[in-house]
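Engineer: Next comes the sequence, and after it the predicted model I'd like to discuss.
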Amino acid sequence: MPTAFISHPDTLLHVMDGHHPESPARISAIKDRLMAAHIYDYLQHHDAPAATDEQLERVHDREYVRRIRNLAPPAGIVHLDQDTAMGPMTLTAIQHAAGAVTLGVDLVMTGKARSAFCCVRPPGHHAGRAHAGGFCIFNNVAVGVAHAMAVYGIQRAAIIDFDVHHGDGTEDIFRDNPKVMLCSTFQSPLYPFRGEDSRTERIINVPLPSGTDGKQFRAVVEKEFAPALDEFAPELIFISAGFDAHLDDPLGGMRLVRDDYIWVTEFVMDVAQRHAQGRIVSSLEGGYDLTSLADAAAAHVRTLSGL
Ligand SMILES: [Zn+2]
C-alpha cells in the first residue's frame, strides 16, 4: 500500500517577516528533494482540505479559534507572540495544515494508504488549547488525533515527537487525556523551556543536552519510548516530525544526521507494525536549514514508503 503525501498550495502563502526561518521555502525544498531522488512519483498525492471549526474546536477553545479568525489581517502582519505572526493568507494556511492531518487519518484508517506524510506549515506542536507560540497557531497533529478518536473511535493514540523543541502545546492539550501517549525527545534547556519536570506515565518527556548525537538519541528512544509504547499498545501512531535536531540546524544544538532519522522512522514503523496495523500519520514540524531539512525529510518519507 502506498504512502500518502498531503500538502496544499496555500501552505506556501503564509509569510511572516522577510527573513523568518519558518519560511515557504521549507516546503519547496522537501518537494524538490523528493522529486530529485525519484521518490515523489511513487507517493499518493492529495491536496489537504481545510480543517473545519468543529475539527479545530476538539482541541482548541472555541473562543481561541474565533480570536484567530478575527485577528487575520487584510494586509500586513499581526504578531501573536515575538516569533509567531499572521499575514493575510495565514488563516487559510493554518486551516489546511490542520486539515492535512485529518485527511492523513482518513486515508490510513480506511485502508487507502498505509502511512501519510503531511508536508505542511506552519508547524503545530507549540500551539496549546488557547495559545499560539513558537511559529505555531493550530496544533495540526492534535487536531488529527482528536479526529481519529471522534470519527474512528480510536481509544489509544501515540504521538512520537522528535523535534528539537519540546511539544508543549501537544502536552497542554492531551495531559489529562488517558487515550493519548506523547513520547517527546527535545533539547533542554531550549525554547519553550518546558517539559523538563512534567513527565507522567503517558507523557514520556526525555530532555537531552545540547550536543546529543545519534548514538545517544537512539539509546534513549530504545530505553524510554519502546517499553512505554509496548505497554500502551497504540492503535494509531502520529509523528511530530521536526528535523531541527539535525547537526546543521541553526536553531538547535543536537547532532542528528540523516541515518538517525531513518532509524527513528523504522523504530516507529516497528511499533506501528506490532500494535497499530502499521498505521502512521506523520506531520512536518520544525527544521530550518533547508538542505538538511530536505535531506532528512526525504529520507523519512522514503523510509515510510518502503522504497
Ligand atoms: Zn522545533
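Structural biologist: Yep, that arrived.
Engineer: Tell me the bridge partners for the spatially closest residue to residue 43 that is not a sequence neighbour.
Structural biologist: Of all residues not flanking residue 43 in the chain, residue 5 sits nearest, at 3.9 Å (Cβ to Cβ, 6 or more residues apart in numbering). Heads up, the C-betas are built off the backbone N, CA and C, glycines and all. Counting by DSSP bridges, residue 5 is bridged to residue 45, residue 117.
Engineer: What about residue 125, how many residues nearby?
Structural biologist: 33 (other Cβ atoms under 10 Å).
Engineer: what does this protein put close to the ion?
Structural biologist: By Cβ under 5 Å from the ion, the residues of the chain that approach the ion are 163, 165, 242, 244, 286.
Engineer: Excluding chain neighbours, what is closest to residue 68?
Structural biologist: With Cβ to Cβ, 6+ apart, the residue lying closest to residue 68 is residue 137, at 6.2 Å.
Engineer: wouldn't that neighbour be in contact with residue 80 here?
Structural biologist: Yes: contact criterion Cβ atoms under 8 Å: residue 137 and residue 80 qualify, at 6.8 Å.
Engineer: With neighbour numbers in mind, choose between the two.
Structural biologist: Neighbour count, other Cβ under 10 Å: between residue 137 and residue 80, residue 137 has more, with 30 against 19.
Engineer: got the contact list for the more buried one?
Structural biologist: Listed by Cβ atoms under 8 Å, 6 or more residues apart in numbering, the contact set of residue 137 reads 68, 80, 84, 86, 90, 94, 122, 124, 127.
Engineer: And the furthest pair within these?
Structural biologist: 86 and 124 (14.5 Å; Cβ to Cβ).
Engineer: So between the two, which is more surrounded?
Structural biologist: Remark: of residue 86 and residue 124, residue 124 carries more neighbours, 32 against 23, as counted by other Cβ under 10 Å.
Engineer: check contacts around the residue lying closest to the more buried one once chain neighbours are set aside.
Structural biologist: Spatial nearest neighbour of residue 124, chain neighbours left out: residue 140 (3.6 Å); criterion: Cβ to Cβ, 6+ apart. By Cβ under 8 Å, 6+ apart, the contact set of residue 140 is 97, 98, 100, 101, 118, 120, 123, 124, 283.
Engineer: helix or strand for the second one, which one?
Structural biologist: By that I understand residue 98. helix 90-109 (DSSP states H and E).
Engineer: returning to that earlier point: the residue nearest to residue 43 and residue 39 touch, don't they?
Structural biologist: No: using Cβ under 8 Å, residue 5 is not in contact with residue 39, being 9.1 Å away.
Engineer: give me the residue from this protein nearest the ion.
Structural biologist: Closest contact between the chain and the ion, by Cβ to the ion, is at residue 286 (2.8 Å).
Engineer: got a list of what that residue touches?
Structural biologist: The contact partners of residue 286, by Cβ under 8 Å, 6+ apart, come to 22, 123, 135, 163, 164, 165, 242, 243, 244, 249, 251.
Engineer: contacting residues for the third one?
Structural biologist: Looking back up the chat, that one is residue 135. 16, 22, 83, 84, 122, 123, 126, 286.
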